[in-house]
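Visitor: build me a model from this:
(chains A and B)
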Amino acid sequence: MTKLCGKRLNNHEELELVREDLLKHRNSGTKSVCVCVGPGCAAKGANRLYELFCEAVRQSDSKVKVEAKSVGCHGLCECGPIILIQPGDIFYQRVEEPDVAEIFRETVLSDRIVERLLHEDPSTGEKARSPDEIPFYKAQNRIALAYNGLIDPANIEDYIAAGGYTALPKALTTMTSEEIIAEVELAGLRGRGGGGFPTARKWRSCRESDGSPKYVICNGDEGDPGAFMDRAIMEGNPHSVIEGMVIGAYAIGSSQGYIYVRNEYPLSVERLKEAIEQARQWGFLGEDILGSSFSFNIRINRGGGAFVCGESTALMASLEGRTGEPRAKYVHTVESGFRGKPTNLNNVETWTNIPPIINRGGEWFAGIGTEKSKGTKVFSLVGNVVNTGLVEVPMGITLRRIIDEIGGGVRDGKRFKAVQTGGPSGGCIPSEHLDARVDFDELTKLGSMMGSGGMIVMDEGTCMVRVARYFTEFLQKESCGKCTPCREGLAQMLHILNRITRGEGDVGDIEELGVLAELLEGTALCALGKTAANPVLSTIRYFRDEYDAHILDRHCPAKECRGLFRYEIDAEACKACGICLKNCPEDAITGEKEVPHVINQEKCTLCGICWEKCPFTAVLKV
Amino acid sequence: MAEETRLIEQLIDRYEGDVGMLIPMMQDIQAEHGYLPASDLRSLSKRLEVPLSRIYAVATFYTSFRLAPKGAHDVTLCMGTVCYLKGSPDILEAICREFQVEPGGTTTDRLFSFQAVNCVGACAVAPVMLVDGKYYESVTPASALEILNGLYPDEDASEKEDEA
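Guide: Residues are numbered from 1 along each chain as shown, chains lettered A, B, ... in the order given. Next comes the predicted model:
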């Protein structure tokens, strides 16, 4: 190893020498076992697997050089824990502790495949050796997630060896601020946090604003429930975020940056802290970066568990040590933001896209996607879908391809009902619009929005009124209370939705919801309030019949709202085992041995215990 | 020097007395004690020359701050969309009923502090519950209660069974 490794680098040439060295070292036959410790795999015990592999490496007396790495989210969380072995890109899924010894002996030391741990295509039965052969990965195009699951996020050398920190010296030494912004403009990059505002325009406004110092902020307060894209990037490839921020800061003329990370993501904070420390050591952060005259520092702040702090002005208030209340934005934050100074805020995924754009050019990036939405977008594909996980797809792909081709369709053979995009500010899109193309404008037209990238698939068993109620309750709780429309309007909407889901809805409730929604959209102070009615409006737009069934027939068609459906015992399926009868707290079930049991509807309080307990699924919801 | 003042002085040093760093300072106090003791907040208020009312506003605005001591364990139930759809309301109900605790509260025997949060970002394995930072995937009301009952030291657990 060169003496430069781990030292502060003074110029571009030194960095290239180090990179060459790292690559030489890496190509010398070392094998890597990459253990995914993303949230999904970690919940299934991947951290223990990593320890076992480390132990195996320590105890191995083989001549084969092996390293075990814990890496960020690989994407196919459904099949976790995932292990990837390099070279060869061998992909093992659902690995358990007893498999470790076999993988180490067979694959790592002897280059033999352990067939039973390979991914199998459920439709063709074909086994896949590497991710490229798996349908889940085939339709994806990974830019932001390019190195996720491949590099060790705690090791800057991995990032450098993979080609990281090439964009930064290029920007610092060969480009002017204006050229960088022009490149980002050519790329057509739009904000990935949900707003979709053109990134280059924001940068330019901030650069041209009077006032000093200027600040750049990375918004890692990923608050949308059902979304973990930013978490995966911060924990899987933190240096890409830092590199993007340094380039942005150079273009804008800022010397101080902040990363605001959600309180619920302690590992993200840890990874970013390590990465910042390493970047500083190597000279990618701090004074005179890479020997240039440009200096920039980054500080991490943790959020306090308030959803509204994902809104830019609320986030800045929180950074200033105040309660996270947004302000009206007639003065833009690029002119007067954090501490009253020009501030440029972008989302984690936006920052991550900057290094590849600088490296490969705006034209390349703009070649991907649709006319007005360029590049790719990361989605967390979750809910009632076969392959849950993290996906990155080119803009313009249809919802159908994401759900069916990548996601493998709806789980348990059920019928698709809707896909919820855009988090609590988004909406539910029904099956007739599955061929819609995913881009900022198309989703907005459908009454939903791109949002930050949550994509929740719902099947026929999901009650859409209950979904609307869930999001309204969420937003009502998270409303900061500063402006009246949001504070009072959401409480009223929730009140109405509560009545409807309890079977106490009145004719005219839907219209009343519409009036409140209009009020919110027109008068709320910030985006949280303005878009808060989207879940209600979109479900009324596409699933009005479900609202009507709740209000007019006192019936929940999806049979989720307690009290709006009955339990009955299917006489043919009932084996007269007596379990329901014994467990019924109201003695509402009658029956004898070998005689199918019956629920006395007058006594039944609809508690559902019989339905939970029946081992033969003979208790039905009707 | 009183214990609380020493901590406050350390924090003032660490953050260079920057009022903008109020939230990180409060987070550090909570990391130290598990909650925000009133005496510490008073010292912080004096030292930073920030009204106590403002510190109190911050402490009550953000859900992660706690003004009362916490239990021996931290239990977090995810109520994100996917967990919700997959049954977290039933788990919430079961925990509240069994342990007589509300979200944001602590059980009377201080066994655990209970939080229901918006999303922990592990949606692929919903419903998710965390106990002292460890993730439990695909939780059901029954398995959640089993996990939480397992938090009792052995003799307590058998006592509890006797009571039941």
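Visitor: please make it C-alpha for all contacts and neighbour counts, starting now.
Guide: OK.
Visitor: which ones are touching residue A:118?
Guide: When contacts are counted by C-alpha atoms under 8 Å, 6 or more residues apart in numbering or on different chains, residue A:118 touches A:91-93, A:127-129.
Visitor: can I get those residues in TSV with neighbour count, secondary structure and distance to residue B:88?
Guide: Converted to TSV, the contacts of residue A:118 look like this (neighbours: other C-alpha atoms under 10 Å in any protein chain shown; DSSP: H, G, I helix; E, B strand; the rest coil; distance: C-alpha to C-alpha, whole Å):
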residue	neighbour count	secondary structure	distance to residue B:88
A:91	22	strand	32
A:92	26	strand	31
A:93	20	coil	27
A:127	16	strand	35
A:128	19	strand	35
A:129	20	coil	36
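Visitor: walk me through the domains of the chain.
Guide: Just going to use chain A. Following automatic domain parsing, chain A resolves into domains at A:12-137, A:156-366, A:376-459, A:464-552, A:567-621.
Visitor: wait, chain B was what I had in mind.
Guide: According to automatic domain parsing, chain B comprises the domains B:3-61, B:73-163.
Visitor: lowest mean pLDDT across those, which one is that?
Guide: Of all these, mean pLDDT reaches its minimum on domain B:73-163 (a mean of 87).
Visitor: determine whether any part of that domain lies close to chain A.
Guide: Yes. Remark: domain B:73-163 sits within contact range of chain A at B:80-82, B:85, B:118-125, B:134-137, by C-alpha under 8 Å from any C-alpha of the partner chain.
Visitor: off-centre distance for that domain?
Guide: 12 Å (C-alpha atoms, centre = their mean, to the nearest Å).
Visitor: stretch A:240-248 too?
Guide: Stretch A:240-248 has its C-alpha centroid displaced from the chain centroid by 20 Å (C-alpha atoms, centre = their mean).
Visitor: name the residues that touch it?
Guide: Here stretch A:240-248 makes contact (C-alpha under 8 Å, 6+ apart) with A:164-165, A:167-168, A:171-172, A:203, A:216, A:218, A:233-234, A:257, A:276, A:284-285, A:296, A:348-349, A:351-355.
Visitor: narrow those to those in strands?
Guide: Among the contacts of stretch A:240-248, the ones falling in strands (DSSP state E) are A:216, A:218, A:257.
Visitor: ok, residue A:113 touching residue A:106?
Guide: Yes. The pair residue A:113 and residue A:106 qualifies as a contact (C-alpha atoms under 8 Å) at a distance of 6.8 Å.
Visitor: quick check: end-to-end length of stretch A:559-577?
Guide: Start to finish, the residues bounding stretch A:559-577 are 25 Å apart (C-alpha to C-alpha, to the nearest Å).
Visitor: how about the residues of chain A by chain B?
Guide: A:39-40, A:42-44, A:77-78, A:223-228, A:231, A:263-265, A:301-302, A:304-306, A:318-324, A:382-383, A:388-389, A:456, A:462, A:470, A:474.
Visitor: mean confidence (pLDDT) on the strand or helix carrying residue A:314, please.
Guide: Under the assignment given by DSSP states H and E, the secondary-structure element containing residue A:314 is helix A:312-319. The average of the pLDDT scores along helix A:312-319 is 96.
Visitor: for that helix, output the C-alpha coordinates as PDB.
Guide: In PDB, the C-alpha atoms belonging to helix A:312-319 read as follows (Å, rounded to 0.1, in the frame of the first residue of the first chain):
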ATOM      1  CA  SER A 312     -37.700  22.900   4.500                       C
ATOM      2  CA  THR A 313     -38.600  25.900   6.600                       C
ATOM      3  CA  ALA A 314     -39.600  23.700   9.600                       C
ATOM      4  CA  LEU A 315     -36.300  21.800   9.200                       C
ATOM      5  CA  MET A 316     -34.400  25.000   9.300                       C
ATOM      6  CA  ALA A 317     -36.300  26.200  12.400                       C
ATOM      7  CA  SER A 318     -35.400  22.900  14.000                       C
ATOM      8  CA  LEU A 319     -31.700  23.300  13.100                       C
END
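Visitor: so what secondary structure elements neighbour it?
Guide: Using 3 or more C-alpha pairs under 8 Å, 6 or more residues apart in numbering or on different chains; DSSP states H and E as the contact criterion, helix A:312-319 has no neighbours among helices and strands.
Visitor: tally of neighbours for residue 51?
Guide: All of this is about chain A. Each residue near residue A:51 was counted by other C-alpha atoms under 10 Å in any protein chain shown, and the total is 15.
Visitor: my bad, the chain I had in mind was chain B
Guide: With neighbours defined by other C-alpha under 10 Å, the count for residue B:51 comes to 12.
Visitor: identify the residues contacting it.
Guide: Residue B:51 sits in contact with residue B:45, where contact means C-alpha under 8 Å, 6+ apart.
Visitor: again, but for the one 4 residues further on
Guide: With contacts defined as C-alpha under 8 Å, 6+ apart, residue B:55 is in contact with B:41, B:45.
Visitor: part of a strand, is it?
Guide: No. Secondary structure assignment places residue B:55 outside any strand; it is helix (DSSP: H, G, I helix; E, B strand; the rest coil).
Visitor: helices or strands up against the strand ranked longest in chain A?
Guide: When secondary structure is assigned using DSSP E, the longest strand within chain A turns out to be strand A:376-383. Packing contacts for strand A:376-383, counted by 3+ C-alpha pairs under 8 Å, 6+ apart, involve helix A:229-236, strand A:389-394, strand A:454-459, helix B:81-85.
Visitor: out of the ones you listed, which one sits most buried?
Guide: With neighbours taken as mean count of other C-alpha atoms under 10 Å in any protein chain shown, those reach their highest mean count in helix A:229-236, at a mean of 28.
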